[in-house]
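*Asks:* missing the sequence, but the structure's below:
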């Protein structure tokens with residue numbers, strides 16, 4: 001965006017101030033103009049806060065619902081006994097996404113100069129970051145530590161997604177409650193703090209941004225489908241649209257691009273729902289029958305289990 005020198009650009013992600021343009025002589029009779037940008041390095045906490053702000057702004061439930069959820073967390077905390085309050089995760093006061101947390105901080109106020117980011121940044125990636133050296137922060141998309149242990153806590157986001165797709169809210173809640181209990185039993189025996197302990201021993205800051213980024217993905221796809229809806233008649237049109245995304249083009253070259261699990265490219269796509277993009281993990285397999293009854297013809301998902 002063209003900016004005049006000295007004018008700040010204000011947005012939901014913070015304020016960046018652009019200094020005045022500097023005039024530098026190039027040769028007699030000629031001048032050149034260029035902006036000098038001074039953008040301070042962020043700390044781990046500031047990166048986390050930025051991700052949280054972006055996630056709330058992109059939440060499929062809307063910011064009003066998210067703020068109300070945060071209020072409910074505070075109210076439930078006040079009703080607890082002193083003994084129960086010891087075990088309450090107070091991060092819920094500002095962050096409703098239980099799978100996105102600062103897992104370990106090496107130096108609280110140290111600016112992050114170099115960051116190692118990955119989809120699955122666990123023990124191996126932490127050792128690689130240490131081997132590379134000068135890495136201030138390892139950012140993992142998939143959760144570890146308390147973020148993994150409390151993964152079921154973020155799955156309620158799926159209720160609103162299904163409701164928006166036309167499934168009655170009470171049906172969505174009933175299906176999801178069963179699935180949440182299943183996921184909870186699945187994560188309980190996992191040694192979820194192993195990677196966090198390694199980060200602590202290596203003294204490397206460690207951050208998980210699972211639903212932070214999933215909300216951004218869901219928002220991106222929701223906007224994309226909405227803009228192109230009139231052009232999407234067949235399933236092949238949906239696949240072609242996905243292949244306009246550069247990352248999917250790269251994935252296709254790596255033999256892991258978009259895949260049609262059920263149906264045919266020649267079929268009509270009908271109403272499209274992106275129900276597998278955010279909300280922790282896969283929802284209940286029974287939800288597909290409910291989505292079909294609600295008039296959904298095509299589901300776009302990030303990942304699908306075989307029974308789904």
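*Replies:* Noted; the coordinates are in hand. What you see is a predicted model, and the numbers here were worked out from it, not measured in a lab. Numbers count the residues shown, from 1 in each chain.
*Asks:* going forward, measure contacts and count neighbours with C-alpha atoms only.
*Replies:* OK.
*Asks:* and the end-to-end length of stretch 100-118?
*Replies:* 14 Å (CA to CA, to the nearest Å).
*Asks:* which residues touch that stretch?
*Replies:* With CA atoms under 8 Å, 6 or more residues apart in numbering as the test, stretch 100-118 has contacts from 41-45, 48, 129, 134-141, 143-147, 196, 199-200, 203-212.
*Asks:* going by residue numbers, what spans are strands in the chain?
*Replies:* 8-11, 14-17, 22-27, 30-34, 100-104, 115-118, 137-140, 205-209, 271-276, 296-301 (DSSP state E).
*Asks:* quick revisit: only the buried subset of the contacts of stretch 100-118, as a PyMOL command please.
*Replies:* Applying 16 or more other CA atoms under 10 Å to the contacts of stretch 100-118 leaves a buried subset, and the PyMOL line that selects it is:
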select buried, resi 43+44+45+48+129+135+136+137+138+139+140+141+143+144+145+146+147+196+199+203+204+205+206+207+208+209+210+211+212
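*Asks:* pLDDT-wise, which helix or strand of this structure ranks last?
*Replies:* When each helix and strand of the chain is scored by mean pLDDT, DSSP states H and E, strand 8-11 comes last, with a mean of 43.
*Asks:* which residues of the stretch 201-308 of the chain fall in helices?
*Replies:* 210-228, 235-242, 246-253, 287-293 (DSSP state H, counting those that start in this stretch).
*Asks:* right, and these - which one's nearest residue 276?
*Replies:* Among the helices of the stretch 201-308 of the chain, helix 210-228 comes nearest to residue 276, with 8.5 Å by CA to CA.
*Asks:* check the offset of the closest one from the chain's centre.
*Replies:* Once both centres are worked out by CA atoms, centre = their mean, to the nearest Å, helix 210-228 turns out to sit 9 Å from its chain's centre.
*Asks:* rounded mean pLDDT for it, please.
*Replies:* Mean pLDDT, helix 210-228: 94.
*Asks:* who are the packing partners of it?
*Replies:* helix 44-58, strand 100-104, strand 271-276 (3 or more CA pairs under 8 Å, 6 or more residues apart in numbering; DSSP states H and E).
*Asks:* now the longest one against helix 210-228, angle please.
*Replies:* Right, the one you point to is helix 44-58. 40 degrees (axes from the mean of the first three to the mean of the last three CA atoms, to 10 degrees).
*Asks:* now do helix 44-58 and strand 205-209, the angle between them.
*Replies:* Using the same axes, to 10 degrees: helix 44-58 against strand 205-209 is 0 degrees.
*Asks:* hmm, back to that, and the helices of the stretch 201-308 of the chain as TSV, adding distance to residue 64?
*Replies:* Below are those laid out as TSV (distance: least, CA to CA, whole Å):
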stretch	distance to residue 64
helix 210-228	16
helix 235-242	31
helix 246-253	32
helix 287-293	25
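*Asks:* since that was my last question, I'll sign off now.
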